[in-house]
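Asks: Attaching a predicted model along with its sequence, questions to come.
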Amino acid sequence: MVGVMFEGIALPPLARGTLLPVPERLARLDEALPQIRAVLDGEQDAIAVQSTLACLLWQTLAQTNWCGFYRRISERTLAVGPYQGAMGCLRIDLARGVCGACATTQQVQRVPDVSLFPGHIACDSRTRSELVVPIVQGGRVHAVLDLDSPELDAFSREEATRLVALVFDVFANVTF
Ligand code: SME
């Protein structure tokens, strides 16, 4: 077939860096979520799920300049996993940064202004807000989903709630 390309999930195109108002961001996310769930249905391989989520959340969340995963490779260390965006730090000590705080506390970290977060790791100096979601199985954090934006307050509570539910469901049967 000529001229037919699969371009991920069906969403209106949006320029990278666009920060829509919250209701429009939620509408876009709600359009994307069932499609993302359908794509990942039944997939149990951690890298397949992480890579595909990095790709599709990057497409969905146009406000991001980094979208991907850090994987827990030891008690104290996260290593970078599948992602989209400019190069990220390769390793993060659990004692450091927003990702470390998320992995240590097992709590979502929504940081509207990273300059106010003690110990924030500036892999990319343009990043101004972040959302980090833990991926927990059997009481242990196996990875974190890290979303960064060059805009302040780019991730609302409502987006966080939806992404927590997504991550919970799509990683439930993944083998780490
Ligand atoms: N922002 C993260 C570091 C990872 S990178 O920016 C991709 C943090 O403070 O944990």
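Replies: That came through fine. As the structure is a prediction and not an experimental result, all values here were calculated from the model. Residues are numbered from 1 along each chain as shown.

Asks: so who does the residue of the chain found nearest the ligand touch?
Replies: Using CB to the nearest ligand atom, Gly97 is the residue of the chain that sits closest to the ligand, at 2.8 Å. (Glycine included, C-beta is placed from N, CA and C.) The contact partners of Gly97, by CB atoms under 8 Å, 6 or more residues apart in numbering, come to Gly119, His120, Ile121.

Asks: Which residue ranges of the chain form strands?
Replies: Ranges of strands in the chain, per DSSP state E, are 66-72, 77-85, 91-93, 109-111, 129-137, 140-149.

Asks: buried set for the lengthiest helix in the chain?
Replies: Among the elements of the chain assigned as helix by DSSP state H, the one spanning the most residues is helix 22-40. Judged by neighbour count (16 or more other CB atoms under 10 Å), helix 22-40 contains these buried residues: Arg25, Arg28, Leu29, Ala32, Leu33, Gln35, Ile36, Val39, Leu40.

Asks: same check, this time on stretch 138-145
Replies: Applying 16+ other CB under 10 Å to stretch 138-145 flags Val141, His142, Ala143, Val144, Leu145 as buried.

Asks: In the sheet, which residues pair with the fourth one? Tell me.
Replies: Think Val144. On the basis of DSSP bridges, Val144 is bridged to Tyr70, Pro134.

Asks: Contacts only, for it.
Replies: With CB under 8 Å, 6+ apart, Val144 has these contacts: Phe69, Tyr70, Leu78, Cys99, Cys102, Ala103, Val132, Val133, Pro134, Ile135.
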